[in-house]
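>>> the sequence isn't on hand, but the structure is:
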C-alpha cells in the first residue's frame with residue numbers, strides 16, 4: 001500500500017487569489033531575457049471559494065508560473081452555475097462574459113467544469129473562434145457529451161460511484177443499507193443522475209435510500225438516526241430543497257459527516273479532510289497538472305487538434321483519521337491506495353530518540369563489559385603476581401638453601417680438612433721434612449680445587465666473562481662449564497653476532513641460556529643439547545634445543561614452573577618474542593627473537609662467520 005501525505009486545502013482560495021495578484025511580478029524577466037507574453041482566460045464552473053475550483057486553478061497557475069520562457073497574464077472568471085435561479089439568469093451571465101472578452105487578444109481559454117465546457121461548445125464558432133480551448137474538471141456525462149470542434153482539447157474525468165461503494169463494502173462487509181446524500185441544484189442533480197445510473201448498472205446486495213430533496217435541518221435529523229449497518233454516500237450539495245446555498249466540500253459535507261451516525265464515503269479528492277472516509281475519488285489536482293501541460297504545449301506552438309484528449313482516471317484515496325474514527329482496517333484497502341493525514345506512530349515520532357538511547361545503552365553496556373573484563377584480567381594478573389612472588393620467594397629461599405648447603409657440606413668440610421692437613425704438616429716439619437713437603441703439595445692442590453670450585457659457583461651467580469668479553473664468550477664459557485659439570489654434550493653455534501650487545505639484553509639472554517640448560521638437566525633426560533646464537537634479518541635469535549622427553553605444550557599454562565616464567569619475563573623485559581615448541585618424546589626447542597640496535601663500530605664476534613662448536617669434554 002502506498003502511503004502519502006498532503007497539506008490541507010482550507011486556504012486554497014486565498015492562495016489562488018494571492019498567486020493571481022503576484023504572478024506578473026513573479027514572471028518579470030531578467031534584463032538579459034525577453035519572455036514571450038501570453039494571455040489565458042480561465043472560466044470556472046463555480047467560484048474560487050469552492051475547493052475543487054481553487055485546487056485546479058492553483059495547480060494550473062503554479063505550473064505555468066514555473067516556466068521562465070513565458071510571461072503569462074491570467075483572467076479568472078466564474079460562471080457560478082450553482083447560484084442561478086433559472087436558465088435565463090445563467091444565459092444573461094454568459095452573455096456578459098462574451099461581451100467582456102469578445103475583443104480581447106487571448107492565447108488560450110481554460111474551461112473548468114461541465115457548464116463552462118457546454119457554454120464554450122455552444123459558441124465555438126462565434127466566441128473567439130481562433131482561440132484554443134483546454135477543458136478539464138468534468139466528466140463527459142456531466143457536460144452532456146458535447147460536440148467539440150478542433151479548437152478543443154483537454155481531459156475528461158470519469159465518475160465511478162460503484163467503485164466507491166465497492167471499497168466501502170469491502171471495509172464494512174456487514175453493510176445492509178446505503179444512504180445517498182445530495183443537494184437540489186442543477187449541478188447536484190446532474191451528479192446524482194450519474195451516480196444512480198452507475199449504482200443501478202452494477203447493483204449491490206444492499207438497500208438504497210436517496211436523501212436528495214430535503215432541507216438541511218431535515219436531512220441532518222434523518223442522518224442522526226440511521227439504522228445499524230448503514231453507510232452514507234455523499235454526492236454533491238450546493239443547495240438544499242429550501243434554496244439555502246452551501247459551499248459543497250467545506251460547509252455542507254462537514255455538517256453531514258459530523259451529524260451522521262454512520263461512516264461517510266465520497267467521490268472527490270477535495271472531500272478528503274472534510275469528513276469522508278474516502279473512496280474511488282476524482283483527482284482534481286491531476287486535472288490542474290494536465291491542463292497546465294496542455295497549455296504549455298499550445299504556448300510552444302502545437303495546435304489543439306494535434307493534442308489528443310486524455311482520460312484522467314480516479315484514484316483510491318482515504319483519510320487516515322476517519323479510518324481510525326470508524327475502526328476500519330487499512331489492510332482491507334485496495335493495493336496502491338493513498339492514505340492522507342496519517343499521524344506518525346510512536347516509533348516514527350521518537351525513533352531517533354529511541355535509536356540514540358539504544359546507542360547510548362549499547363555503548364554503556366559495551367563499556368561495562370570492557371571494564372568488567374579488564375577488572376577480571378587485573379584480578380587474574382594480581383593473583384598471578386601473588387603466585388609469582390611466592391614462587392620467586394621460594395626459589396630465592398631454595399637457592400639460598402642450596403648455596404648454604406654447598407658452602408657447609410662441601411667448602412666448609414674441605415676447608416676444615418685443609419686446615420687439619422696444614423696443622424699436621426706443620427707438626428711433621430721438624431721430624432720429617434720430606435713427608436711434610438709432600439703433604440703441603442697435596443694441600444696446595446686441594447686449595448686450588450677449592451678456588452676453582454668457588455670460581456665456578458661465583459660464575460654461575462654472575463659471569464665476569466659476560467661483562468668483560470661479551471655475550472658470545474659468556475655463553476660459550478657457561479656451555480663449557482655445564483658440559484664439565486653435568487656431563488651432557490652441548491653444541492654452541494654462533495653466527496654473525498655483534499661483539500658489543502646491550503648489557504641488559506646480553507644478561508637476559510645469558511640467564512635464559514642458564515635456565516634452559518638447567519631444565520635440560522632437571523627435566524628432559526636428554527643425551528645432548530644445542531645452543532644457537534645468530535643474527536637473522538636484523539634480530540638476535542637465541543635457540544636452545546635438546547633431544548629429551550619433551551612435553552605437551554598445551555599443559556604448560558597449568559604446570560608452568562618458575563623457570564619457564566622467568567625466561568618469559570626476561571624476554572619481555574627486552575621486548576623479545578619468546579616461544580617454546582615441544583612434543584612428547586620429541587625433545588624441546590626454545591626460541592627467543594630480540595631486535596637489538598647494533599652499536600656504532602661493532603663488529604661480529606666471529607669475523608669469518610664460521611660456526612664454532614663446543615661439545616662435551
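That came through, no problem. Just so you know, these numbers come straight off a predicted model, no measurement behind them. Numbers count the residues shown, from 1 in each chain.

>>> wait, residue 272 touches residue 320, no?
No: Residue 272 is not in contact with residue 320 according to Cβ atoms under 8 Å; the separation is 10.0 Å. Glycine gets a C-beta too; all of them are placed from N, C-alpha and C.

>>> measure residue 259 to residue 469 for me?
Here the distance between residue 259 and residue 469 works out to 114 Å (Cβ to Cβ, to the nearest Å).

>>> ditto for residue 532
From residue 532 across to residue 469, the span is 19 Å (Cβ to Cβ).

>>> now for the closest residue to residue 538 other than its chain neighbours: which residues touch it?
Nearest non-adjacent residue to residue 538, counting by Cβ to Cβ, 6 or more residues apart in numbering: residue 595, 6.3 Å away. Contact criterion Cβ atoms under 8 Å, 6 or more residues apart in numbering gives 538-540, 575-576 as the residues in contact with residue 595.

>>> kindly check the end-to-end length of stretch 319-336 for me.
Using Cα to Cα, to the nearest Å, the span of stretch 319-336 from its first residue to its last is 14 Å.

>>> roughly how far is that stretch from the heart of the chain?
Centroid separation for stretch 319-336 versus its chain: 31 Å, with Cα atoms, centre = their mean, to the nearest Å.

>>> cool, stretch 439-455 as well?
Once both centres are worked out by Cα atoms, centre = their mean, stretch 439-455 turns out to sit 85 Å from its chain's centre.

>>> mind listing residues that contact it?
Identification of contacts with stretch 439-455 by Cβ under 8 Å, 6+ apart yields 410-411, 414-415, 417-418, 421-422, 424-425, 428.

>>> quick revisit: for the residue nearest to residue 538, give me phi and psi.
Comment: the main-chain dihedrals of residue 595 come out as phi -90, psi 110, following degrees, to the nearest 10.

>>> quick revisit: drop anything exposed from the contacts of residue 595.
By neighbour count, with 16 or more other Cβ atoms under 10 Å, those hold 540, 576 as buried.

>>> what about residue 259 and residue 469, which has more around it?
Comparing residue 259 with residue 469 by other Cβ atoms under 10 Å, the one with more neighbours is residue 259, at 18 against 15.

>>> now that one: how far from residue 39?
For residue 259, the distance to residue 39 (Cβ to Cβ) stands at 46 Å.

>>> one more: residue 346?
Note on residue 346: its distance to residue 39, by Cβ to Cβ, is 53 Å.

>>> so between these two, which is more surrounded?
Neighbours of residue 346 and residue 39, each counted by other Cβ under 10 Å, are more numerous for residue 39; the result is 15 against 8.

>>> now the helices for the stretch 401-550 of the chain?
Taking DSSP state H, counting those that start in this stretch as the test, the helices found in the stretch 401-550 of the chain are 413-431, 433-461, 464-469, 471-486, 503-519.

>>> so where's the stretch 251-400 of the chain shaky on pLDDT?
387-400 (pLDDT under 70).

>>> in the stretch 201-350 of the chain, which spans are strands?
Applying DSSP state E, counting those that start in this stretch to the stretch 201-350 of the chain gives strands spanning 207-211, 230-234, 264-265, 278-281, 310-312, 315-319, 338-340.

>>> return the distance of stretch 159-167 from the chain's centre.
From the chain centre to the centre of stretch 159-167 is a distance of 43 Å (Cα atoms, centre = their mean).

>>> between residue 272 and residue 320, who's got more neighbours?
Set side by side, residue 272 and residue 320 show unequal neighbour counts under other Cβ under 10 Å, the larger going to residue 272 at 27 against 18.

>>> enumerate every residue touching the nearest residue to that one once chain neighbours are set aside.
With Cβ to Cβ, 6+ apart as the measure, residue 319 is the residue that lies nearest to residue 272, at 5.1 Å, once sequence neighbours are left out. Taking Cβ under 8 Å, 6+ apart, we find residue 319 in contact with 272-273, 276-278, 339-341.

>>> shared neighbours, residue 272 and residue 320?
Common neighbours of residue 272 and residue 320, using Cβ under 8 Å, 6+ apart, are 340-341.

>>> ok, residue 106 touching residue 42?
No: the pair formed by residue 106 and residue 42 falls short of the contact definition of Cβ under 8 Å, at 10.7 Å.

>>> those two: which is more packed in?
Between residue 106 and residue 42, counted using other Cβ under 10 Å, the more crowded position is residue 42 (26 against 16).

>>> returning to what we had before: how about the contacts of stretch 439-455 in TSV, adding pLDDT and distance to residue 156?
Putting the contacts of stretch 439-455 into TSV (pLDDT from 0 to 100; distance: Cβ to Cβ, whole Å) gives the following:
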residue	pLDDT	distance to residue 156
410	67	124
411	67	125
414	71	130
415	74	131
417	73	135
418	72	135
421	74	140
422	77	141
424	75	145
425	72	145
428	75	150
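
>>> in these, which residue is surrounded by the most others?
Within these, most neighbours by other Cβ under 10 Å means residue 425, with 19 neighbours.

>>> returning to what we had before: now distance to residue 59 too, for the strands of the stretch 201-350 of the chain, in JSON lines please.
As requested, those are arranged in JSON lines below (distance: least, Cβ to Cβ, whole Å):
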{"stretch": "strand 207-211", "distance to residue 59": "33"}
{"stretch": "strand 230-234", "distance to residue 59": "23"}
{"stretch": "strand 264-265", "distance to residue 59": "25"}
{"stretch": "strand 278-281", "distance to residue 59": "16"}
{"stretch": "strand 310-312", "distance to residue 59": "13"}
{"stretch": "strand 315-319", "distance to residue 59": "15"}
{"stretch": "strand 338-340", "distance to residue 59": "17"}
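
>>> go through these and name the closest to residue 139.
Residue 139 lies closest to strand 310-312 among those, at 9.9 Å (Cβ to Cβ).

>>> thinking again about what came up before, what touches both of residue 106 and residue 42?
Common neighbours of residue 106 and residue 42 (Cβ under 8 Å, 6+ apart) are residue 75.

>>> good, we can wrap up now.
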